[in-house]
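Engineer: Predicted model, plus sequence, below.
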Amino acid sequence: MRRQRRARILATLGPASSTPEKIRELFEAGADVFRLNFSHGTHEDHAARLRIIRELEMNSGRTIGVLMDLQGPKLRVGAMAGGKVLLEKGQKFRLDLDTSEGDSTRACLPHPEIFAALENGTDLLLDDGKLRLRVDSFGPDFAETTVMVGGPLSDRKGVNVPGVVLPISPLTEKDLKDLEFGLSLGVDWVALSFVQRPSDIEEARKLIGNRAWIMSKLEKPAALDHLDEIIRLSDGVMVARGDLGVEVPPQSVPVLQRRIVKKARAHGRPVVVATQMLESMITSPVPTRAEASDVATAIYSGADAVMLSAESASGQFPLAAVEIMDNIIQEVEHDPEWRKGLDDNHSNPDQNTPDAICCALRRVTDILSPATTIAYTTSGFSALRASRERPHAAIMALTPSLHTARRLALAWGVHPVPFEHVSDVSQMVHHATRIAQRYEFAKVGDTVVIIAGLPFGHSGSTNLLHVATITD
């Protein structure tokens with residue numbers, strides 16, 4: 001089942017999309033990777049969904065990626081008397097560690113790590129930024145604040161501290177249990193929430209090792225101060241616009257999105273644009289025109305994938321959401337301006353052999369217009385480097401590792417195919433041309449361009465470019 005587009009679709013599974021029939025419909029409509037959101041649902045729920053995905057993969061003959069999304073730390077106020085209080089602009093309001101119910105003068109904030117990081121004048125955002133408090137004074141167990149933007153405050157609403165690096169790990173006890181469970185299931189990607197600094201990825205890497213690829217969710221402004229290093233340490237990144245949009249002004253989000261996508265492309269890391277892409281389709285069978293433009297903007301910028309959250313997990317029209325997202329992507333990718341934009345925004349290759357080979361690959365495809373390009377890869381490195389160049393021709397990634405094939409399902413323009421090891425160049429060319437014909441990427445008389453690393457099986461050794469014509 002070949003996709004007729006380069007950008008990928010990441011669809012979240014949930015109550016509206018958990019049966020074999022629903023998941024198959026989403027896959028056939030265009031979902032390339034499925035997201036298991038561990039902020040919701042039980043381990044049994046996620047295990048059942050993954051079993052369905054793997055059976056679908058076996059029956060369809062197309063590899064399917066699975067991403068587990070860790071919840072991360074959730075900073076919340078405690079319970080409020082009567083369930084809700086009203087805060088008035090200009091009033092004084094205290095936050096402390098007292099676990100008794102809050103009222104119109106105070107509330108419990110059971111996070112001493114927040115108090116430890118405060119400074120006078122720090123803003124605290126409550127309930128996704130609907131309320132804003134300014135810190136006037138603080139201690140190790142309290143903060144005296146002034147309400148700058150008031151409104152109702154109800155039980156256990158979230159707290160954001162923009163511009164402050166909090167001394168906490170991105171992995172809570174719940175996350176550690178979820179992570180071990182997800183890895184035991186064989187997920188392909190782990191989305192890491194609450195990333196603030198490079199050491200957060202290093203901490204996760206020690207636990208995950210090579211069992212899955214790590215996708216850093218960029219949702220904290222502090223992470224943007226270390227963007228290059230965070231991207232370098234990650235296997236992929238996600239522009240998590242929901243939480244990011246709470247902690248930075250709305251007008252900054254499009255600029256940051258464009259910056260993150262460009263940086264990720266330069267590093268050769270898959271980048272996903274997520275959150276509220278087709279939000280109205282939770283309850284409507286069609287998106288707003290602004291939402292369609294939002295998806296298109298991500299595709300024009302060269303993002304590897306766009307993500308559906310509640311639209312496919314709990315919305316009323318999950319299938320329609322995937323179908324419309326697929327249609328938007330295909331429409332954009334048929335626009336000559338899309339191709340021109342990609343060509344005009346290539347980053348300079350590094351001075352190494354793999355980058356030189358993949359840069360040459362793009363130039364060769366420009367000149368020869370081959371039916372497809374083929375990357376032999378064990379670790380996925382060659383395919384990702386080819387994808388980074390955004391060549392005109394589709395990229396078939398032939399790999400002896402099923403794990404690598406599934407991970408590559410998220411990469412721009414890559415069609416992963418699990419395949420056995422090859423031992424020499426002539427065998428490589430023979431198998432590559434046969435596979436291209438079998439999957440209808442090429443036919444007799446077509447030209448294909450092949451890249452690989454010699455000796456075979458060594459990660460990061462891309463050093464061969466071969467042009468072949470299919471003769472029979």
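Structural biologist: Alright, I've got the coordinates.

Engineer: Where do the helices of the stretch 251-400 of the chain begin and end?
Structural biologist: Using DSSP state H, counting those that start in this stretch, the helices of the stretch 251-400 of the chain run over 253-267, 289-300, 310-313, 318-333, 336-344, 353-368, 381-388.

Engineer: Let me have those helices in JSON lines, extended by mean pLDDT, mean neighbour count and distance to residue 246.
Structural biologist: To be clear about C-beta, it is placed using only N, CA and C from the backbone, and glycine gets the same treatment. Shown next, in JSON lines, are those (pLDDT from 0 to 100; neighbours: other CB atoms under 10 Å; distance: least, CB to CB, whole Å):
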{"stretch": "helix 253-267", "mean pLDDT": "96", "mean neighbour count": "18", "distance to residue 246": "10"}
{"stretch": "helix 289-300", "mean pLDDT": "98", "mean neighbour count": "18", "distance to residue 246": "18"}
{"stretch": "helix 310-313", "mean pLDDT": "97", "mean neighbour count": "26", "distance to residue 246": "17"}
{"stretch": "helix 318-333", "mean pLDDT": "98", "mean neighbour count": "21", "distance to residue 246": "24"}
{"stretch": "helix 336-344", "mean pLDDT": "92", "mean neighbour count": "13", "distance to residue 246": "30"}
{"stretch": "helix 353-368", "mean pLDDT": "94", "mean neighbour count": "17", "distance to residue 246": "37"}
{"stretch": "helix 381-388", "mean pLDDT": "94", "mean neighbour count": "27", "distance to residue 246": "31"}
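
Engineer: Looking at those, which is nearest to residue 110?
Structural biologist: Across the helices of the stretch 251-400 of the chain, residue 110 has its closest neighbour in helix 310-313 (27.6 Å, CB to CB).

Engineer: tell me what the closest one is packed against?
Structural biologist: With contacts taken as 3 or more CB pairs under 8 Å, 6 or more residues apart in numbering; DSSP states H and E, helix 310-313 sits against strand 8-13, helix 318-333.

Engineer: would you turn those into CSV with distance to residue 41?
Structural biologist: Compiled in CSV, the helices and strands packed on helix 310-313 are given as follows (distance: least, CB to CB, whole Å):
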stretch, distance to residue 41
strand 8-13, 9
helix 318-333, 15
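
Engineer: ok, back up a step: so for residue 67, which of the helices of the stretch 251-400 of the chain sits nearest?
Structural biologist: Per CB to CB, nearest to residue 67 of the helices of the stretch 251-400 of the chain: helix 310-313, 12.9 Å.

Engineer: Only the buried residues of the lengthiest helix in the chain, if you could.
Structural biologist: Secondary structure of the chain per DSSP state H: the longest helix is helix 43-60. The neighbour-count check on helix 43-60 (16 or more other CB atoms under 10 Å) flags 45-46, 48-50, 52-53, 56-57 as buried.

Engineer: Check stretch 160-172 too.
Structural biologist: So, applying 16+ other CB under 10 Å, buried residues of stretch 160-172: 160-162, 164, 166, 168-172.

Engineer: CA atoms only for the lowest-mean-pLDDT helix or strand in the chain - export them in CSV, please.
Structural biologist: Among the helical and strand segments of the chain, the one scoring lowest on mean pLDDT, DSSP states H and E is helix 241-247, with a mean of 90. What follows is helix 241-247, C-alpha atoms only, in CSV (Å, rounded to 0.1, in the frame of the first residue of the first chain):
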residue,chain,number,x,y,z
ARG,A,241,1.9,23.6,20.3
GLY,A,242,-0.6,23.1,23.1
ASP,A,243,1.6,23.5,26.1
LEU,A,244,4.0,25.7,24.2
GLY,A,245,1.2,28.0,23.3
VAL,A,246,0.3,28.5,27.0
GLU,A,247,3.8,29.6,28.0
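
Engineer: in the stretch 51-200 of the chain, which spans are helices?
Structural biologist: 112-117, 173-185, 198-208.

Engineer: and of those helices, who's closest to residue 14?
Structural biologist: Of all the helices of the stretch 51-200 of the chain, helix 173-185 comes closest under CB to CB, at 15.8 Å.

Engineer: now that closest one against helix 43-60, angle please.
Structural biologist: 30 degrees (axes from the mean of the first three to the mean of the last three CA atoms, to 10 degrees).

Engineer: Let's have the buried residues of helix 43-60 in a markdown table, adding distance to residue 318 and pLDDT.
Structural biologist: A markdown table is the format used below for the buried residues of helix 43-60 (distance: CB to CB, whole Å; pLDDT from 0 to 100):
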| residue | distance to residue 318 | pLDDT |
| --- | --- | --- |
| 45 | 16 | 97 |
| 46 | 17 | 98 |
| 48 | 17 | 98 |
| 49 | 13 | 98 |
| 50 | 18 | 98 |
| 52 | 15 | 98 |
| 53 | 15 | 98 |
| 56 | 15 | 97 |
| 57 | 19 | 97 |
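
Engineer: re earlier: return the closest of the buried residues of stretch 160-172 with respect to residue 282.
Structural biologist: Looking across those and measuring by CB to CB, the closest to residue 282 is residue 160, at 23.1 Å.

Engineer: residue contacts, the nearest residue to that closest one once chain neighbours are set aside?
Structural biologist: In space, residue 160 comes closest to residue 125 once its chain neighbours are excluded; the distance is 4.2 Å by CB to CB, 6 or more residues apart in numbering. For residue 125, the contact set (CB atoms under 8 Å, 6 or more residues apart in numbering) comprises 131-133, 159-162, 246-247.

Engineer: quick one, strands of the stretch 1-150 of the chain?
Structural biologist: 8-13, 33-37, 65-69, 84-87, 92-96, 106-108, 123-126, 131-139, 142-149 (DSSP state E, counting those that start in this stretch).

Engineer: quick revisit: in the least confident helix or strand of the chain, what's buried?
Structural biologist: In helix 241-247, counting by 16+ other CB under 10 Å, buried: 241, 243-247.

Engineer: Distance check, residue 17 against residue 309.
Structural biologist: 12 Å (CB to CB, to the nearest Å).

Engineer: coming back round to it: would you reformat the helices of the stretch 251-400 of the chain as a markdown table and include distance to residue 463?
Structural biologist: Output for these, formatted as a markdown table (distance: least, CB to CB, whole Å):
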| stretch | distance to residue 463 |
| --- | --- |
| helix 253-267 | 21 |
| helix 289-300 | 32 |
| helix 310-313 | 41 |
| helix 318-333 | 31 |
| helix 336-344 | 25 |
| helix 353-368 | 5 |
| helix 381-388 | 10 |
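
Engineer: how about the CA coordinates for stretch 456-471, as CSV?
Structural biologist: Taking Å, rounded to 0.1, in the frame of the first residue of the first chain, the C-alpha atoms of stretch 456-471 are listed here in CSV:
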residue,chain,number,x,y,z
PHE,A,456,27.2,-3.6,4.5
GLY,A,457,25.7,-3.6,8.0
HIS,A,458,27.8,-0.7,9.5
SER,A,459,25.7,2.1,10.8
GLY,A,460,26.5,5.6,9.5
SER,A,461,28.8,4.4,6.7
THR,A,462,26.9,5.7,3.6
ASN,A,463,29.6,5.9,1.0
LEU,A,464,28.1,4.4,-2.3
LEU,A,465,25.8,5.9,-4.9
HIS,A,466,24.9,3.6,-7.8
VAL,A,467,22.6,4.4,-10.8
ALA,A,468,20.9,1.3,-12.4
THR,A,469,18.5,0.7,-15.2
ILE,A,470,15.9,-2.0,-14.8
THR,A,471,16.4,-4.4,-17.7
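
Engineer: Thank you kindly, that will do.
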